[in-house]
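Undergrad: build me a structure from this.
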Amino acid sequence: MDVVRLRDEYIKLGQALKAAGLVGSGAEAKEVIVEGSVKVNGETDTRRGRKLYAGDVITFNGEEVKIEN
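TA: Residues are numbered from 1 along each chain as shown. Got it, this is the predicted structure:
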């Protein structure tokens, strides 16, 4: 499981996908989120601006990324 470390209180879902290297651009992040390919804490989320906090887990394309402080 990869880890994305928070610089602030939260990170938005699209930014987290880019930070983890799961997508190459913001446009790609938006596309995969809107089409329902991304899960947050086990549930599909289609909001690119979804705020993620420490302890949240993103799942995309068979990979998991945990958000940590």
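
Undergrad: in the longest strand along the chain, which residues are buried?
TA: For the chain, the strand that runs over the most residues, judged by DSSP state E, is strand 63-68. Within strand 63-68, the residues that count as buried by 16 or more other Cβ atoms under 10 Å are Val65, Lys66, Ile67. In this view, the C-beta of every residue, glycine as well, is placed from N, C-alpha and C.

Undergrad: surely the first one touches Val3?
TA: Yes: in this structure Val65 lies within contact range of Val3 using Cβ atoms under 8 Å: 7.0 Å.

Undergrad: redo the buried residues of strand 63-68 as a markdown table? Include distance to Ser37 and pLDDT.
TA: Output for these, formatted as a markdown table (distance: Cβ to Cβ, whole Å; pLDDT from 0 to 100):
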| residue | distance to Ser37 | pLDDT |
| --- | --- | --- |
| Val65 | 14 | 97 |
| Lys66 | 18 | 98 |
| Ile67 | 18 | 98 |
